[in-house]
Every structure is written in C-alpha cells, then in structure tokens.
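K.L.:
build the 3D model from these lines:
(one chain, ligands or ions: 1)
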Amino acid sequence: MEHRVAIVGAGVSGLTCGVLFAERGYRTAIFAKETGQQTTSGAAAALWFPYDAEPTEKVIPSALHTYKVLVDLICHRADSPRRAKISHSGVSMIELRQFSRTGEIQIPDWAIPLGGSVIPNVTTFKSGFRLNVPLMDTTIYLDYLANRFIEAGGEVNTGVHFEKLEDVSPAFNRVINCAGIGARELVQDIDLEPHRGQIAIVPTVDNLSCAIVCDDPPLMYAIPRAHDCVFGGTNEISDNLDVDAAATSRIIDECARALKIEKPNVFAERVGLRPFRKSGVRLERDRLRDGRTVIHNYGHGGSGFTLSWGCAEKVFQIAHSATATQRR
Ligand SMILES: Cc1cc2nc3c(=O)[nH]c(=O)nc-3n(C[C@H](O)[C@H](O)[C@H](O)COP(=O)(O)OP(=O)(O)OC[C@H]3O[C@@H](n4cnc5c(N)ncnc54)[C@H](O)[C@@H]3O)c2cc1C
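P.N.:
Numbering: from 1, shown residues only. As a prediction, the model looks like this:
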C-alpha cells in the first residue's frame, strides 16, 4: 500500500519533516492553523544552540545531527543542483559568544569537538566561551523550507484547525504530529508548558558581527542578521501572546548596556511560546483511535531549530520501521 503522510504543523518541525518525507518520495501534505511567520518558529532568534529542552542525552545527538545538515546547506551550496535556492536558505555561520554573569563558565563537553574555546580577558560579564554555530534567519529560512517542500511535490494546507488527530482525512495512513505548544489541546498533553519569549528587532548594530548570549538572569542576547539585529529576551511560564512594552524596554536597556551602545529604535516586537515538555521532547510512535499510526514530534522548548533535522530524521526512521513491521 502506498503511504500518504499528513503532517500537522507548519513551524520549523513540520516543515523540516515535510522536506524529508517529500524528498524521499512520500506523498506528503502539511495541515496547519498558521504557517511560517505566524507560528512560534517565526518569533525565534533561531541560533543553533541546545537551550531549554530535555533530556540532554536525547537532545545533544539530535542537535549535533542538525548542526551537520545546516553546515552542509552552507558548504555544499555551490555544487548543489538546487544552487540558487540553497544560497537563499537564510543559513549562515556566526561566532557565538556565550557569557556568564556569575562565575567561571563551563564549556559543555559537546562543544569541545566543535571548537569551543574560552574567551580570555572578559569585560562586562564574568567569563565566556566562543563557538561557531549556524544561524537561521527566520524571515528567509521558513520560506526556504516551505518552497523546498513544495518543489519536492508536497502540499501545504493552511487555516486548518484540528480538534483531535483523528480528524485528519482517512486518505492519509500516516500522521505526524508537529503541533508545538498546540499539542497541549490536540493530544491533551498536560506535560507541555508554555515558556513565553519576547524579542525586539532593531537595526543592524555597527561593528557587531558575533552573537552575544548570556543565559544567567536577566536572559540577554544580541544576534546580528543580514538586515537587522535580534535583541532578547525573556523566558517565563505564560500563555500571554501580547507584546509587553515594559519587557521590550528591559531588553533594549540590557542589550544596550552589554554592547555599550545607544539605545536603538525598535523595528518590531515578537512573542512566542516555547513548547517546553517537562518529561522531554516527545518523539515516538503511537496509534490513533481509528488504528492509524501517528508519530509525535513536539516539545522542543527553546531548541526547535537546533533539533529540527535530527528529530525529522528520527521521525522518518520510526515511520520506516513501522512500515517494515506491518509488511512482516
Ligand atoms: C523568543 C524565542 C526565541 C527562540 N530562539 C530559539 C533559538 O535561538 N534557537 C532554537 O533552536 N529555538 C529557539 N526558539 C524555540 C523555537 O522557536 C521552538 O522550539 C520552535 O519554533 C518549535 O517549532 P514547532 O514547529 O515544533 O512549533 P511551532 O512553530 O509552534 O508550530 C506549530 C504548528 O502547529 C500548528 N498547530 C498547532 N495546533 C494545531 C491544531 N490543533 N490544528 C492544526 N494546526 C495546529 C500551528 O499552527 C503551527 O503551524 C525560540 C523561541 C522563542 C519564543
């Protein structure tokens, strides 16, 4: 039997799974309430870095897999048949400078093979390390994924809200759940917790060519992109999607202080709910009440971009092994 795959969700998780399945020959359709810029993914800073996602032993291998795929998108673009599109993927490498305000920062074990090294003579903060990482410009990268999916024969259906996964048309015999924080209602997962994040988009900052991040409170990051700069951030348990003007003010003050610059104008403010799952990223096969196979892929917290390709590859393997089991 030919497998027809329905993916619920058009954020980075759903789009990445879509690309993988469609390019490997599956008839695949995405169904989602919102796409791209309107999703949580559209509000992300989208720097590769494992943050606010559990458990470490599962997160790190998926993150490292994603790192390689993203680097390949940059490095191999000149030889690729998709040359023109890939060169417009919105992925670039950037030096990340990760700081601590409180003490001697530990370079994580996984960062050492990637070239992580201590930053000497730190001022403003207490200590820090540097590491080259991929950065995805969400204003380009989400469209790039959607276009790549459509080019591979995929179909995107937007403005579709499901009450439950069984509402996906029976024409699809595989369902992949990439609903992000929406999975709380969709599959009644009380383990999901909205980790609200707010960012401010400001004009490019002169002489800022690396990403500056400090996870110690107050959370602070300044990430230069081609045409603007992302200032952050916040992380609190809340469902509130309204912009908080006081939070924007705090973000601008703290970034201006750390970068030693005048306070910039704010182009735009964005809020998103990081889909944090207390018992860890959900990446597993299950069965719908009507007997169809569903594969869950949600709960990536503050690491949805960082884990995207690694998790999509696992979803594909799970789907493939489900097919093999059924054939036996
Ligand atoms: C301020 C901020 C900064 C961040 N920075 C980074 C970063 O630097 N690096 C990083 O890796 N991550 C970062 N993240 C986290 C990242 O954005 C998320 O982990 C990621 O966007 C989750 O992607 P997703 O595709 O799983 O979910 P989403 O992007 O939320 O997409 C969910 C999709 O499912 C659809 N949907 C939900 N429910 C239903 C339903 N019932 N019926 C139909 N469709 C439904 C939605 O419409 C949407 O299309 C950040 C997040 C925030 C808020």
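
K.L.:
show me the shaky parts of this structure.
P.N.:
1, 75-87, 324-328 (pLDDT under 70).

K.L.:
is the ligand within reach of the longest helix seen in the chain?
P.N.:
Counting residues, the longest helix in the chain under DSSP state H turns out to be helix 304-327. Yes - judged by CB under 6 Å from any ligand atom, helix 304-327 comes into contact with the ligand at Gly304, Phe305, Thr306. The way it works is simple: take the backbone N, C-alpha and C, and place the C-beta from them, glycine included.

K.L.:
repeat that for stretch 141-158.
P.N.:
No - counting by CB under 6 Å from any ligand atom, no contacts exist between stretch 141-158 and the ligand, the nearest distance being 8.1 Å.

K.L.:
mind listing what's buried in that stretch?
P.N.:
Residues of stretch 141-158 classed as buried by neighbour count (16 or more other CB atoms under 10 Å): Tyr141, Leu142, Asp143, Tyr144, Leu145, Ala146, Asn147, Arg148, Phe149, Ala152, Gly154, Val156.

K.L.:
can I get the residues of helix 304-327 next to the ligand in a markdown table including distance to Pro218?
P.N.:
Shown next, in a markdown table, are the residues of helix 304-327 next to the ligand (distance: CB to CB, whole Å):
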| residue | distance to Pro218 |
| --- | --- |
| Gly304 | 23 |
| Phe305 | 23 |
| Thr306 | 22 |
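
K.L.:
just those residues now: which is nearest the ligand?
P.N.:
Gly304 (2.3 Å; CB to the nearest ligand atom).

K.L.:
on that earlier part again, export the residues of helix 304-327 next to the ligand as a markdown table, with columns for neighbour count.
P.N.:
Formatted as a markdown table, those follow (neighbours: other CB atoms under 10 Å):
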| residue | neighbour count |
| --- | --- |
| Gly304 | 27 |
| Phe305 | 29 |
| Thr306 | 31 |
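
K.L.:
now intersect the buried residues of stretch 141-158 with the helices, please.
P.N.:
Mapping the buried residues of stretch 141-158 onto helices (DSSP H) picks out Tyr141, Leu142, Asp143, Tyr144, Leu145, Ala146, Asn147, Arg148, Phe149.

K.L.:
where does the longest helix of the chain sit relative to the chain's centre, distance-wise?
P.N.:
17 Å (CA atoms, centre = their mean, to the nearest Å).

K.L.:
ok, stretch 253-262 next?
P.N.:
For stretch 253-262 - counting by CA atoms, centre = their mean - the centre lies 26 Å from the chain centre.

K.L.:
check whether that stretch comes near the ligand.
P.N.:
No - judged by CB under 6 Å from any ligand atom, stretch 253-262 stays clear of the ligand, getting no closer than 13.7 Å.

K.L.:
that stretch: which residues count as buried?
P.N.:
Glu254, Cys255, Ala256, Ala258, Leu259.

K.L.:
redo the ones in helices among the buried residues of stretch 141-158 as CSV? Include distance to Phe125.
P.N.:
Putting those into CSV (distance: CB to CB, whole Å) gives the following:
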residue, distance to Phe125
Tyr141, 29
Leu142, 32
Asp143, 35
Tyr144, 34
Leu145, 34
Ala146, 38
Asn147, 40
Arg148, 39
Phe149, 41
